[in-house]
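>>> what follows is a predicted structure for the sequence shown.
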Amino acid sequence: MNRWITFGRAALAVFVSGASACGETDPIAPAQLLLYVETDAPLAASATAPNDLTLFDRLRVAVHLRGEASPCAGCTRTFVLARDTDPASLSLGIAAQPEGAVAHVLLYAARNLDRVGEPDEGSALSAWITLPRLDDAEVRPVAVTLAMNALGAPVGTRDAPLSPGARRTSPLARWPLAVSTPCSAPPRAGEACVPGGVVWMGGAVRRPGAAAGLRPRLVRMSPFFVDTREVTVAQLRASGLARPATFGAIADPQLASERAGCTYMPTPGSDEDVPVTCVSQPLAAAYCAMYGKALPTEAQHEYLHGGLRGTAYPWGDDEPTRCTDVVFGRRRSSDLPCLDLPPSPQPAGKGTRDILVLGGAVVTDLAGNVSEWAREDFFPEDAECNRQGFHVDPACEGPGPDPTVKVMRGGELKSAPIGLRSEVRYPVPPIDTELEIRGFRCARAMP
């Protein structure tokens, strides 16, 4: 005898569709379990205002038979949740449902898939529920709740599932924090105002090496101001902080042999309008403080670098393919695409896609040109400030495990496309042989 689970979506909850599984034309079995998935998660269909944000776009239901670690054959269905999703498409047919079957219900974002295409459960809403045995012609509605306050914390387990509940008489209220927040003050000259919002950061595709990003986490950012371009040689010179007689304040004395790549020189030259490089984090922080600003946090960097949407690059998720897209790929003795171009920092705006338009301002060189200092010391991904879950304006305060190791964000002119991705973070030791590609920009809190 056939048993069916059918489900659909209405406003914030899930309703029953009358379709058979996967578009089959067989008649619907007389015994049906109608599973309502009720959630306060920000879905496209639940957005009611222009500034409402969508954070989840996939729903997966997998049925496991008693004691089985893997779903039964044909018992898994993943649904795309969009504003125009046809409710009739939200159905899953299960033949001959035995006693003791359980369902794993998972709501997640497609961007949080791992290397093999599986959802990252640390950034999902999920529950394990028992599936009650039905009489021959019974149609039984049951409900499971996936709430935002349980983000990354599965409810129940395969071996200890919960019993499904009754359907709510009224829908859950939409999670109120998933909204964009406009700027409340105008920027200064040379700044852009960055509106606040909630966004996924990090990535579930783990890459080897120290530059791997953090695991996916949900972050709410407050509005802030940011320099539209990386600080230039002329700007640092005008501050009076550079000590023209010595590079001691800019690069470590042990890097004397590397200074040929530094853009700052004791006297004005041809590089006055390019990003200043070979700048230590303390000097960069002192420059920003002089103007009532600070270095951006890692989260502020990633928010901007991901186009405020959590994408891989400021323009989206497609890799750069042309040397005019972004200043990158200029490492000598490599197979990178732009190695015939000058391997030195370029004036702002040379990367035609490496921009972010915010109001009337254009922020340049977020992905390439020179990498940029973040405010914090380097903390590993298992630090509390970097954990998965939900964060508000996260920052790893205080000294890190090794206070001499700082953080750089953003790719640079020698990077391959993978090194330009928004989630990439670099631990930088105090003695660094590539200081000539290290620069910075400043940020300022909203008053």
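Sure, I can see it.
>>> and V199, how far from G307?
9 Å (Cβ to Cβ, to the nearest Å). In short, each C-beta sits where N, CA and C put it, glycine included.
>>> to clarify, my last question referred to E138.
Counting by Cβ to Cβ - E138 and G307 are separated by 50 Å.
>>> more neighbours: these two, which one.
Shown here are E138 and G307; by other Cβ atoms under 10 Å, G307 has more neighbours (21 against 13).
>>> the more buried one: which element?
If you go by DSSP states H and E, G307 is not part of any helix or strand.
>>> residues in contact with it?
Y313, P314, W315, G316, L356 (Cβ atoms under 8 Å, 6 or more residues apart in numbering).
>>> and of these, the nearest to L106?
Of all the contacts of G307, L106 sits closest to G316, with 25.7 Å by Cβ to Cβ.
>>> what sits opposite that closest one in the beta ladder?
Counting by DSSP bridges, G316 is bridged to Y313.
>>> residues near the residue nearest to A284 when sequence neighbours are not counted, how many?
Nearest non-adjacent residue to A284, counting by Cβ to Cβ, 6 or more residues apart in numbering: F440, 4.0 Å away. A count of nearby residues for F440, using other Cβ under 10 Å, gives 29.
>>> surely F440 and Q235 touch.
No - using Cβ atoms under 8 Å, F440 is not in contact with Q235; the gap is 10.6 Å.
>>> quick one: low-confidence ranges for this structure?
1-30, 86-91, 93-98, 206-211, 243-261, 332-334, 430-435 (pLDDT under 70).
>>> and for stretch 132-147, what's in contact with it?
1, 3, 13, 16, 30-41, 97, 99, 105, 107, 125-127, 129, 155, 162-168, 172.
>>> just the buried subset of these, please.
3, 13, 16, 31-41, 97, 105, 107, 125-127, 129, 155, 164, 167, 172 (16 or more other Cβ atoms under 10 Å).
>>> stretch 181-189: end-to-end distance?
22 Å (Cα to Cα, to the nearest Å).
>>> next one: it to chain centre, how far?
24 Å (Cα atoms, centre = their mean, to the nearest Å).
>>> and for stretch 274-281?
That offset, for stretch 274-281, works out to 27 Å (Cα atoms, centre = their mean).
>>> quick check: buried residues in it?
Buried, per 16+ other Cβ under 10 Å, within stretch 274-281: V274, P275, V276, T277, C278, V279, S280, Q281.
>>> can you get me a residue count around G117?
Counted with other Cβ under 10 Å, G117 comes out at 9.
>>> state the three-state secondary structure for it.
Three-state assignment for G117 (DSSP: H, G, I helix; E, B strand; the rest coil): coil.
>>> residues in contact with it?
Per Cβ under 8 Å, 6+ apart, neighbours of G117: none.
>>> if I look at it, how far off is G306?
In terms of Cβ to Cβ, G117 sits 21 Å off from G306.
>>> next one: R60
From R60 to G306 the distance is 25 Å (Cβ to Cβ).
>>> which one of these two is surrounded by more residues?
G306 (25 against 19).
>>> so which helix or strand takes in the nearest residue to the more buried one once chain neighbours are set aside?
Among residues not flanking G306 along the chain, S422 sits closest, at 3.9 Å (Cβ to Cβ, 6+ apart). Counting by DSSP H and E, no helix or strand carries S422.
>>> residue contacts, the residue nearest to R217 when sequence neighbours are not counted?
Residue nearest to R217 in three dimensions, not counting chain neighbours: Q388, with 5.0 Å by Cβ to Cβ, 6+ apart. For Q388, the contacting residues are G122, S123, G152, R215, P216, R217, by Cβ under 8 Å, 6+ apart.
>>> need those in TSV with neighbour count and secondary structure, can you?
Below are the contacts of Q388 laid out as TSV (neighbours: other Cβ atoms under 10 Å; DSSP: H, G, I helix; E, B strand; the rest coil):
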residue	neighbour count	secondary structure
G122	18	helix
S123	25	helix
G152	19	coil
R215	22	coil
P216	27	coil
R217	23	strand
